[in-house]
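S.K.: okay, predicted coordinates and the sequence, questions at the end:
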Amino acid sequence: MHTRITKAVIPAAGLGTRFLPATKATPKEMLPVVDKPAIQYVVEEAASAGLDDVLMITGRNKRPLEDHFDRNYELESALQKKGDADRLAKVQESSDLATMHYVRQGDPKGLGHAVLCAAPHVGDEPFAVLLGDDLIDPRDPLLARMVEVQEQHGGSVIALMEVEASQIHLYGCAAVRTTADGDVVRVTDLVEKPEPADAPSNYAIIGRYVLDPAVFDILRKTQPGRGGEIQLTDALQQLAADESVGGPVHGVVFKGRRYDTGDRGDYLRAIVSLACEREDLGPDFRTWLRSYVTQEWPSGS
């Protein structure tokens, strides 16, 4: 019997330097994607997969994250008096998504250290990790599939996406074996940001993990690796090498829609893509966008 996964951990202590000066006083996770902050999409993804206990790993100047997922009684009262039921529901939605908890990372020692900060809250049960920079389209239920695979096989599950060989140095990379399930692979080795010539595959790790709690003991012993940080990839590599420690490591190969909202270009693409799909915004926005592109770049350049 596998323990049902109910807890999600969201590391959110980064400085967001790629978006300066916008992130000088505003956490990067609070930058809007259409009309919701990016971080809300991530919490919604966890909640839709049945993970209703969410721990955010934060740092200095991240108080707006806590405020966003808390109740704002003054604002709610004002909207009630105006009879603005639609906006009231949107305001209340974020505070009703999940039970939220927060802990500060303190020293920025890497993703592995951020995950280790969750150990007292998570305890001895499997849990999910969702990176706030990765926005998975709500129509592509990646996390729910990963939870399903973990409940079937035990151990840990990571999300993988095929990328161009020239881009693999930007990611953790997995060596894999195929399984009977077309979208599931067995992970045999992991390398953090390899040079293309040294990469064991073009399967890149993207920001979703379902982890066995054995990862905590490994992280406590993991020395700083690439970039002088404690790398989660290094701990997962040990789990993949010896499944007696915490079960096997599987990968779910994701072929859906993903946006790296930590990258300015992909952030803009996420806004345009999601706005185009909205019933309330899409028709007018698509018409304007088509006209704008045709007029400004008629040759398609």
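M.R.: In hand now; what should we look at?
S.K.: who is the closest residue to Ala159 other than its chain neighbours paired with across the strands?
M.R.: Leaving aside its chain neighbours, Ala159 sits nearest to Arg208 (3.9 Å; criterion: Cβ to Cβ, 6 or more residues apart in numbering). All C-beta atoms are positioned from the backbone trio N, CA, C, and that covers glycine. For Arg208, the beta-bridge partners are Leu130 (DSSP bridges).
S.K.: and the gap between Arg208 and Pro141?
M.R.: For Arg208, the distance to Pro141 equals 11 Å [Cβ to Cβ, to the nearest Å].
S.K.: show me which of these two is the more surrounded one.
M.R.: A side-by-side neighbour count of Arg208 and Pro141, using other Cβ atoms under 10 Å, places Arg208 first with 26 against 16.
S.K.: I figured that one hits Leu135, correct?
M.R.: No - with contacts counted by Cβ atoms under 8 Å, Arg208 stays clear of Leu135, the gap being 11.1 Å.
S.K.: quick one: the residue nearest to Ala159 from Arg258, how far?
M.R.: 9 Å.
S.K.: okay, and the common contacts of these two?
M.R.: Residues touching both Arg208 and Arg258 (Cβ atoms under 8 Å, 6 or more residues apart in numbering): Asp134, Ile136.
S.K.: and the strands in the stretch 101-250 of the chain?
M.R.: Using DSSP state E, counting those that start in this stretch, the strands of the stretch 101-250 of the chain run over residues 127-130, 134-136, 156-162, 172-178, 184-192, 203-211, 249-253.
S.K.: for the third one, which residues meet the burial criterion?
M.R.: For strand 156-162, burial by neighbour count (16 or more other Cβ atoms under 10 Å) applies to Ser156, Val157, Ile158, Ala159, Leu160, Met161.
S.K.: next, the angle from that strand to strand 172-178.
M.R.: For strand 156-162 against strand 172-178, the angle by axes from the mean of the first three to the mean of the last three Cα atoms, to 10 degrees is 100 degrees.
S.K.: now strand 156-162, how far from the centre of its chain.
M.R.: Between the centre of strand 156-162 and the centre of its chain there are 12 Å (Cα atoms, centre = their mean, to the nearest Å).
S.K.: angle of it against strand 184-192?
M.R.: Going by the same axes, to 10 degrees, strand 156-162 makes 80 degrees with strand 184-192.
S.K.: now do Pro11, the pLDDT please.
M.R.: Looking at Pro11, its pLDDT is 94.
S.K.: just checking, what packs against the helix or strand of the chain with the lowest mean pLDDT?
M.R.: Lowest on mean pLDDT, DSSP states H and E among the helices and strands of the chain sits helix 243-246, with a mean of 79. Judged by 3 or more Cβ pairs under 8 Å, 6 or more residues apart in numbering; DSSP states H and E, the packing partners of helix 243-246 are helix 214-221, helix 232-241.
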